[in-house]
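Colleague: with the input below, show me the fold.
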Amino acid sequence: MSTPETRTFEAEVAQVLHLVTHSLYSHKEIFLRELVSNASDACDKLRFEGLANPDLMSGDGELHIDVSFDEKARTITIADNGIGMSRQEVIENIGTIASSGTRRFLAAMASEQKADARLIGQFGVGFYSGFVVADRVTVLTRRAGDPADAGVKWESDGRGEYTLEAVERPQRGTEVILHLKEDEGEFLSAWKLRELIHRYSDHVAFPIRMPKQADGGEGEEAATGEWETINSASALWTRSKSEITDEEYQGFYKSLGHDFADPLAWSHNRVEGNQSFTTLLYLPSQPPFDVMMGGRDERKGLKLYIKRVFVMDAAEELLPHYLRFVRGVVDADDLPLNVSRELLQQNRQLERIKASCTKRVLDLIESLAKNEPEKFATFIKAFGNTLKEGIGEDTANRERIAKLLRFASTKGDGAAKSVSLDDYIGRMADGQDTIWYVTADSHAAAAGSPQLEAFKARDIEVLLLSDRIDEWMLGYLREYDGRKLQSVAKGELPLDEEAKKQQEEAAKQAEPLVARLKELLGERVSDVRVSARLTDSPSCLVLSEFDMAPHFARLMREAGQELPESKPTLEVNPAHPLVQRVQSEGDEGNAGDIAALLLEQAEIAAGAQLADPAAFVQRMNRVLLG
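Modeller: Take a look at the predicted model:
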């Protein structure tokens, strides 16, 4: 034995440990699921590495996970004979940040009203869950292939430091020993541990063993010295669908996705032929946190197996980014077992599997939309915006995706996103060939847009789009089912002959007013004209066909994007008293204030940012007091 070396945790790991030891009270039993999951991963890694180097598994070819407890010592031990860790791997995997998982976990915890242990597994920091129930954790490990004297002992009380020590360890693999806190005695029970393993880890594909108990016995003293497997230890997806109950599908999902809630739906399929593979794909009922945190770093959630051998988390290769919320497994029969991520990205067989997975997921969502409207409404609330990304990313399935989207509308149920494009088309007036929409940065702003007034007067339905992604999406969704999608803020309105004559007459009568407004506003606008859109409001902005909506342009600039400056077109309602005051006002300064206010209130209604808010307030005060 060597002298223990004391080290300090990296700062963010220390923060996580402080949280789990002081703040995480709900679902404490999650620690067992997470540590068993880590042990399963270690067995998977050894089985994969053992394909190229069979000597790694010599002496103990039956991979398994052992869970035991010692009532007197108040310890629980989770042991595996998997790949194990070297000294450097222990430091990298436990003492420091190996990925962004811990940072994202801390960000999510900061946004939660109540800290919850359920979050742990979703960020790859599951090892630390041991400190939810233990005031000291000991790890004994040796990497497969290393000599017996290369064992490592790691120990910490979770308060900022840990010790490392070289030890003699004849067997490969890892033991995690939890020294339980004083008030966590409920877990020193064979019945309790078995119940948790059945609930959370029954479908782990390796045997999970516990000491066999003597009849009527409880505790280590009553153990017979034999081990018995207490989980099903089978790859669920390899069984026939007719043999699997809904409860088994749900249980497998929870162990796979680190989730407590049942999935909304799942699809289990076997494809035979030149290329054979099995898929088991799940739709969660709530967004996994890697979806909520956004970003395009490495995605997890879809595991790739080859002939039941786990190869890698391959969500990036097996599903497009807009379906990143899907969880599940893909087990292929005929991919090369030495497959690497680089080979995956160039593999035609995998492209076919990816196309099949995408189709299955869209089929699943369509089935919800058709047959289970309540579940579909839950799905749209959780993942509707993520699905919209597919309009730009997946041109082959654009029409299918658009059919699944739901929007608020002037004839919908308030702010609820319940109107499909097919619903809209079904309500179109005779002769209408355009799907009209308005975008804004909130539902209230969209519903109150002055540009809707003429449409309401003509009883034409308008979709109310207020999500940040909508403006981007509409750059790709130009038409649906042969109908053009058109913003109410862009271009000319379609008017019948009588309405056109009235519009032309109003424009002719207002020519002096329009000329004065152009003179007063000068370079601030590209044009001023009489509006066919307005019935009640004094003014609104109108965009050219390819102009970006003001609220979206503001968001892009806030995100650091450089955008070309463009001058808006101002449309005015000559029947409105405020507009008429411009024509009747003899004082040039007062007329200038009113003209500027007509432009600025139109900018505010469109979601633009005023260049000089203080000047706007001063102008408003002068007009009110005048």
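Colleague: where does pLDDT dip in the stretch 451-600 of the chain?
Modeller: Residue ranges of the stretch 451-600 of the chain with pLDDT under 70: 546, 555-559, 563-564.
Colleague: report the contact partners of Ala457.
Modeller: Applying Cβ atoms under 8 Å, 6 or more residues apart in numbering to Ala457 gives the contacts Thr535. Any C-beta I mention is one placed from the backbone N, CA and C, and that applies to glycine too.
Colleague: tell me the domain ranges of this structure?
Modeller: Following the assignment in automatic domain parsing, the chain carries domains at 5-232, 237-371, 406-487, 497-625.
Colleague: Leu570: which element?
Modeller: strand 569-572 (DSSP states H and E).
Colleague: return that strand as PDB; C-alpha atoms alone will do.
Modeller: Output of strand 569-572 as PDB, limited to C-alpha atoms (Å, rounded to 0.1, in the frame of the first residue of the first chain):
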ATOM      1  CA  THR A 569     -42.600  51.700 -45.000                       C
ATOM      2  CA  LEU A 570     -45.200  53.500 -42.900                       C
ATOM      3  CA  GLU A 571     -48.900  52.900 -43.700                       C
ATOM      4  CA  VAL A 572     -51.400  55.300 -42.200                       C
END
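Colleague: tell me where the stretch 251-400 of the chain has helices.
Modeller: 289-292, 315-318, 341-345, 348-371, 373-393, 398-404 (DSSP state H, counting those that start in this stretch).
Colleague: and Arg159, which of these is closest to it?
Modeller: Closest to Arg159 of these, according to Cβ to Cβ: helix 289-292, at 26.6 Å.
Colleague: hang on, Ala608 packs against Leu541?
Modeller: Yes - Ala608 lies in contact with Leu541 (Cβ atoms under 8 Å); the separation is 7.5 Å.
Colleague: shared neighbours of those two, anything?
Modeller: Common neighbours of Ala608 and Leu541, using Cβ under 8 Å, 6+ apart, are 550, 568.
Colleague: so these two - more neighbours on which side?
Modeller: Set Ala608 next to Leu541 and count neighbours by other Cβ atoms under 10 Å: Leu541 wins out with 23 against 17.
Colleague: centre of the chain to whichever strand or helix holds the more buried one, how far?
Modeller: Assessed by DSSP H and E, Leu541 sits inside strand 539-542. Distance of strand 539-542 from the chain centroid (Cα atoms, centre = their mean, to the nearest Å) equals 36 Å.
Colleague: within the sheet, what are the partner strands of that strand, with directions?
Modeller: With DSSP bridges as the test, strand 539-542 is paired with strand 569-572 (antiparallel).
Colleague: following the partner strand, which helix or strand comes up?
Modeller: helix 577-584.
Colleague: rewinding a little: contacts for the strand holding Leu541?
Modeller: For strand 539-542, with Cβ under 8 Å, 6+ apart as the criterion, the contacting residues are 449-451, 489-490, 531, 533-534, 550, 568-573, 576, 579, 598-599, 601-603, 605-606, 608.
Colleague: any of the residues you listed buried? List them.
Modeller: Neighbour counting by 16 or more other Cβ atoms under 10 Å classes 449-451, 489, 531, 533-534, 550, 568-573, 576, 579, 598-599, 601-603, 605-606, 608 among those as buried.
Colleague: so Leu493 sits in a helix?
Modeller: No - Leu493 is assigned coil when assessed by DSSP: H, G, I helix; E, B strand; the rest coil, not a helix.
Colleague: wait, it touches Lys500, no?
Modeller: No - with contact defined as Cβ under 8 Å, Leu493 does not reach Lys500; the gap is 9.8 Å.
Colleague: quick check on Asp66: phi, psi?
Modeller: phi -110, psi 130 (degrees, to the nearest 10).
Colleague: partner residues bridging it?
Modeller: Bridge pairing for Asp66 - DSSP bridges - gives Ala79, Arg209.
Colleague: ok, now which ones touch it?
Modeller: Residues in contact with Asp66 (Cβ under 8 Å, 6+ apart) are 77-80, 208-210, 227.
Colleague: any idea what Leu180 is bridged to?
Modeller: Ala134.
Colleague: who's in contact with it?
Modeller: 74-76, 133-135, 187-188.
Colleague: from these, which two are the most distant?
Modeller: Within those, Asp135 and Leu188 form the most distant pair, 14.4 Å apart (Cβ to Cβ).
Colleague: so for the two, which residue has more residues nearby?
Modeller: Neighbour totals were compared for Asp135 and Leu188, and Leu188 leads with 20 against 16 (other Cβ under 10 Å).
Colleague: more crowded one of Leu493 and Lys500?
Modeller: Leu493 (19 against 14).
Colleague: quick check: Arg7 touching Tyr162?
Modeller: Yes - taking Cβ under 8 Å as the definition, Arg7 is a contact partner of Tyr162 at 5.8 Å.
Colleague: compare those two (neighbour count), which wins?
Modeller: The neighbour comparison of Arg7 against Tyr162 (other Cβ under 10 Å) goes to Tyr162, with 24 against 15.
Colleague: so that one belongs to a helix, correct?
Modeller: No - secondary structure assignment (three-state DSSP) places Tyr162 in strand, not in a helix.
Colleague: okay, the nearest residue to it once chain neighbours are set aside: pLDDT?
Modeller: In this structure, Tyr162 finds its nearest non-sequential neighbour in Ser156, 3.7 Å apart by Cβ to Cβ, 6 or more residues apart in numbering. Looking at Ser156, its pLDDT is 89.
Colleague: mind listing the residues bridging to Ser156?
Modeller: According to DSSP bridges, beta-bridge pairing links Ser156 with Val137.
Colleague: how far away is it from Ala408?
Modeller: Using Cβ to Cβ, to the nearest Å, one gets 52 Å for the distance from Ser156 to Ala408.
Colleague: please apply the same query to Asp259.
Modeller: Asp259 is 29 Å from Ala408, by Cβ to Cβ.
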